[in-house]
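>>> please find the sequence and the predicted model below.
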2 protein chains.
Amino acid sequence: MDFKEKVLSIKNIFDGKVVHLDQETVQLPDGNQAQREIIRHPGAVGIIAITDSNKIVLIRQWRAPLNQVTLEIPAGKIELSEQDNPLLTAKRELNEETRFAADDFELVSKFYTSPGFADEIMYLYHAVNLKAVKEELPQDKDEFLELVELSPAEVQKAIENGEICDAKTLMAIMFWQMME
Amino acid sequence: MDFKEKVLSIKNIFDGKVVHLDQETVQLPDGNQAQREIIRHPGAVGIIAITDSNKIVLIRQWRAPLNQVTLEIPAGKIELSEQDNPLLTAKRELNEETRFAADDFELVSKFYTSPGFADEIMYLYHAVNLKAVKEELPQDKDEFLELVELSPAEVQKAIENGEICDAKTLMAIMFWQMME
């Protein structure tokens, strides 16, 4: 069966700082037409950073879409200059958000976060042998972050109380459990 | 530290079939202002459905945002009438997309898919003791689906060749592995 939808026209609805929204008119496999709403996103990285004392490095921050504080792995958007090399994003975000550097980064997984309406891809890296950065990169002015290091038992509590609540962080924790 | 951002104004940018986009002006903890772009989404469910012969039920479909065919667990948006009870969505989507019913559904996880720009929450259910539905619910006219049942080894191949490529399906497979 040929599932391919042919794009007949694209209407740009919004171009923001993070979100770019297009409305596509497509031709379905049966010849009929349908509308597709698509969020274009530059992609992102997340970093599973484990300290020498076997704690996972997490960031406490306000999330406007959820109207709550969350605990998430260090993560961030891929900049235009990093499009061909998300490892650069991983190194930069780990520095900006945690002030850690790592001897080695291993790509553990990559996945689309919401394939029904967004093209956002997330690269998940495991950072090995953490050490303090030599040079601190500037942080985003509109981001207020708190660094937290949690043991496996503390992670379970934070899942239960809802502070850890996003897909990439839950996946990171599952990968961490499987690595042990 | 108080991370809370105070919403000063909300501008509605777009109201579509799936995506609702708001632009918020917020006051940061330091008193400065910032813009937040927020996708409002009704939420969704995904179903880990395992057959008696230990295969996972997946859906092959075209994904317009990714411009490719994917293999994903059965899933779908929560309708307005189901907002207080996503289990209804799980039962309806399992019927519509796979023609399976289940004796029992267990909530395995819930998580936000993209907390940086969207409020989409995903409820992940494990469906136990599959059987054919008695009454087939109508399918969406603009969805063309193919039902697939994969063994654990076949799942690994589909991850490697990129057909399985989204967060909820990868999480579902990790939960399935841990259940075994």
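Alright, I've got the coordinates.

>>> just how off-centre is whichever strand or helix holds A:Thr169 within its chain?
A:Thr169 belongs to helix A:167-179 when assigned by DSSP states H and E. Helix A:167-179 sits 13 Å away from the centroid of its parent chain (C-alpha atoms, centre = their mean, to the nearest Å).

>>> which residue of chain A sits farthest from its center?
Farthest-out residue of chain A from its mean C-alpha position, per C-alpha atoms, centre = their mean: A:Gly31, at 36.5 Å.

>>> quick revisit: now do the helix holding A:Thr169 against helix B:167-179, angle only.
With axes from the mean of the first three to the mean of the last three C-alpha atoms, to 10 degrees defining the directions, helix A:167-179 sits at 30 degrees from helix B:167-179.

>>> which residues of chain A fall in strands?
For chain A, the strands defined by DSSP state E occupy A:6-15, A:20-27, A:33-40, A:44-49, A:56-63, A:68-72, A:75-77, A:100-112, A:121-132, A:146-150.

>>> quick one, which of those is nearest to B:Leu170?
Nearest of the strands of chain A to B:Leu170, taken as C-beta to C-beta: strand A:100-112 at 5.4 Å. No exception for glycine: its C-beta is placed from N, CA and C like everyone else's.

>>> pull out the buried positions in the closest one.
Neighbour-count burial for strand A:100-112, counted by 16 or more other C-beta atoms under 10 Å in any protein chain shown, picks out A:Phe100, A:Ala101, A:Ala102, A:Phe105, A:Val108, A:Ser109, A:Lys110, A:Phe111, A:Tyr112.

>>> among those, which pair sits farthest apart?
A:Ala101 and A:Tyr112, at 28.7 Å, using C-beta to C-beta across the buried residues of strand A:100-112.

>>> restrict the helix holding A:Thr169 to CA atoms and write it as PDB.
Provided in PDB are the C-alpha atoms of helix A:167-179 (Å, rounded to 0.1, in the frame of the first residue of the first chain):
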ATOM      1  CA  ALA A 167       9.200  11.900  27.900                       C
ATOM      2  CA  LYS A 168      13.000  12.500  27.300                       C
ATOM      3  CA  THR A 169      13.800  12.600  31.000                       C
ATOM      4  CA  LEU A 170      11.800   9.400  31.700                       C
ATOM      5  CA  MET A 171      13.600   7.700  28.700                       C
ATOM      6  CA  ALA A 172      16.900   9.000  30.000                       C
ATOM      7  CA  ILE A 173      16.200   7.400  33.400                       C
ATOM      8  CA  MET A 174      15.200   4.100  31.800                       C
ATOM      9  CA  PHE A 175      18.500   4.100  29.800                       C
ATOM     10  CA  TRP A 176      20.400   4.800  33.000                       C
ATOM     11  CA  GLN A 177      18.700   1.900  34.700                       C
ATOM     12  CA  MET A 178      19.600  -0.400  31.800                       C
ATOM     13  CA  MET A 179      23.200   0.700  31.900                       C
END
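
>>> could you say what helices and strands that helix packs with?
strand A:44-49, strand A:56-63, strand A:68-72, strand A:100-112, strand A:121-132, helix A:152-160, strand B:100-112, helix B:167-179 (3 or more C-beta pairs under 8 Å, 6 or more residues apart in numbering or on different chains; DSSP states H and E).

>>> figure out which of those is closest to B:Pro42.
Here strand B:100-112 is closest among the helices and strands packed on helix A:167-179 (C-beta to C-beta), at 13.5 Å.

>>> near chain A, anything from the closest one?
Yes. If you take C-beta under 8 Å from any C-beta of the partner chain as the test, strand B:100-112 does meet chain A, through B:Ser109, B:Lys110, B:Phe111, B:Tyr112.

>>> ok, the residue lying closest to the second one once chain neighbours are set aside - contacts?
Taking C-beta to C-beta, 6 or more residues apart in numbering or on different chains as the measure, B:Lys110 lies nearest to B:Tyr123, with 4.8 Å between them; neighbours along the chain are not counted. For B:Tyr123, the residues meeting the contact criterion (C-beta atoms under 8 Å, 6 or more residues apart in numbering or on different chains) are B:Gly43, B:Ala44, B:Val45, B:Gly46, B:Pro86, B:Thr89, B:Ala90, B:Leu107, B:Lys110.

>>> and with 7 Å instead?
Residues in contact with B:Tyr123 (C-beta atoms under 7 Å, 6 or more residues apart in numbering or on different chains) are B:Val45, B:Pro86, B:Leu107, B:Lys110.

>>> out of those residues, who's nearest B:Gln35?
B:Gln35 lies nearest to B:Lys110 out of the contacts of B:Tyr123, by C-beta to C-beta, at 28.6 Å.

>>> tell me if I'm right that that closest one and B:Tyr125 touch.
No. Using C-beta atoms under 7 Å, B:Lys110 is not in contact with B:Tyr125, being 9.6 Å away.

>>> please name the bridge partners of A:Glu72.
A:Ile59 (DSSP bridges).

>>> dump the residue contacts of it.
Going by C-beta under 7 Å, 6+ apart, A:Glu72 touches A:Leu58, A:Ile59, A:Asp166, A:Thr169, B:Pro115.
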